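Enquirer: pasted the sequence and its predicted model underneath.
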Amino acid sequence: MDENLKIQRFEVPPSASNFEFLIESRDVPAVLVGGVMDWRSLSEWISYNGGLGNLQAFKSVLDKYLGVNLNGPNPGS
């Protein structure tokens, strides 16, 4: 890894063209502060807003309908 590589931090998300020029084209890491704060899913999934219940319900759906066990392998079942 390049020792001179610095993670860029953006307090205000850049425009799409600036993102492409400053971050994506150079393949460098970046932190976009507050980049998802207005996403509806954030308010539905965060734990202090009842999100734990939503996650548990989602887990139940995966377990029941898709046969996915998020608790890890379950030999013998």
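Expert: Looks like it came in fine.

Enquirer: so who does the residue nearest the centre of the chain touch?
Expert: The C-alpha lying nearest the average C-alpha coordinate of the chain belongs to residue 36 (Cα atoms, centre = their mean; 9.1 Å). Listed by Cβ atoms under 8 Å, 6 or more residues apart in numbering, the contact partners of residue 36 are residue 42. All C-beta spots, glycine's among them, are computed from the backbone N, C-alpha and C.

Enquirer: so residue 23 sits right up against residue 17, yeah?
Expert: No. With contact defined as Cβ atoms under 8 Å, residue 23 does not reach residue 17; the gap is 11.2 Å.

Enquirer: before we move on, the earlier item: measure the residue nearest to the centre of the chain to residue 13 for me?
Expert: 10 Å (Cβ to Cβ, to the nearest Å).

Enquirer: residue 62 too?
Expert: Residue 62 is 32 Å from residue 13, where distance means Cβ to Cβ.

Enquirer: picking up where we left off before, backbone phi and psi for the residue nearest to the centre of the chain, please?
Expert: Note on residue 36: backbone dihedrals following degrees, to the nearest 10 are phi -120, psi 10.
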